[in-house]
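J.: only geometry, no sequence info:
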């Protein structure tokens, strides 16, 4: 998706506008000036015509600079993506600059003696070596001025 | 903090290695302090002694300076 791309919705469908693809064939506003009016801002008024009429004209766009999706389909896609992400990713690991290692997600954690540690949703592990609550972070890195990427 | 009661099998394993680094193994989404992200099956060793010259990675410096845990 380009930074200049725009989207417009009437709650039922979303119309996507990719300016880079547009060759100014003028089809959209010759067909439906009530919705596609380049003199107005925003230039797309989703309340200017029925969903069916907007869909008809979007499909006429010769370069597909205009495209559309039903909002129901967009929701389904987002849901699928979320489910896939959750299934594939185990742990999400983040290194905090000058701070701890933060682990969350679907993981097990074992201590130095091989025993499983209590499993928190979000666990901060010491990286500075000076915590009084090892292996967890207790904020000591700030006192000792720990620096580390 | 709330304890995680999720029952799905863990896809990643974190091990605090005795007097050594943190080992993380499995399907991981790893984000370094600059915001660079790597995802997928990985095995990582994160410095825990604070002394590595190649942070966040372990470079075995702990063997020289020692860790209390």
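T.: Yep, that arrived. Predicted model only: the values in this text are computed from it and were never measured. Numbering: from 1, shown residues only, chains lettered A, B, ... in the order given.

J.: Could you give the number of residues near residue 27?
T.: Since no chain was named, I'll use chain A. Residue A:27 has 16 neighbours, counted by other Cβ atoms under 10 Å in any protein chain shown. (C-beta placed from N, C-alpha, C; glycine too.)

J.: I was after chain B.
T.: Here the number of neighbours of residue B:27 (other Cβ under 10 Å) works out to 19.

J.: Residue ranges of each domain in chain A, please.
T.: Chain A breaks down by automatic domain parsing into domains covering A:6-74, A:91-144.

J.: how far does the longest one stretch from start to finish?
T.: The separation between the terminal residues of domain A:6-74, taken as Cα to Cα, to the nearest Å, is 15 Å.

J.: circling back to that earlier point, which one of the domains of chain A lies nearest to chain B?
T.: Counting by Cβ to the nearest Cβ, chain B lies closest to domain A:91-144 out of the domains of chain A; the figure is 3.6 Å.

J.: So what's the gap between the closest one and the chain middle?
T.: Put simply, domain A:91-144 sits 27 Å off its chain's centre (Cα atoms, centre = their mean, to the nearest Å).

J.: one step back: let me know which of the domains of chain A is tucked in deepest.
T.: Per residue and on average, the most neighbours among those fall to domain A:91-144, with a mean of 17 (mean count of other Cβ atoms under 10 Å in any protein chain shown).

J.: Could you check that domain against chain B for contacts?
T.: Yes: Domain A:91-144 reaches chain B (Cβ under 8 Å from any Cβ of the partner chain) through A:91-97, A:101, A:103, A:105-113, A:117-123, A:125-130, A:134-135.

J.: For chain A, give me the ranges with low pLDDT.
T.: By pLDDT under 70, the low-scoring segments of chain A are A:83-88.

J.: end-to-end on stretch B:62-69?
T.: Stretch B:62-69 has an end-to-end distance of 11 Å (criterion: Cα to Cα).

J.: Look at residue A:58 and tell me its secondary structure.
T.: Put simply, residue A:58 is helix when judged by DSSP: H, G, I helix; E, B strand; the rest coil.

J.: Let me see the contact set for it.
T.: Residues in contact with residue A:58 (Cβ atoms under 8 Å, 6 or more residues apart in numbering or on different chains) are A:15, A:28, A:66, A:67, A:68.
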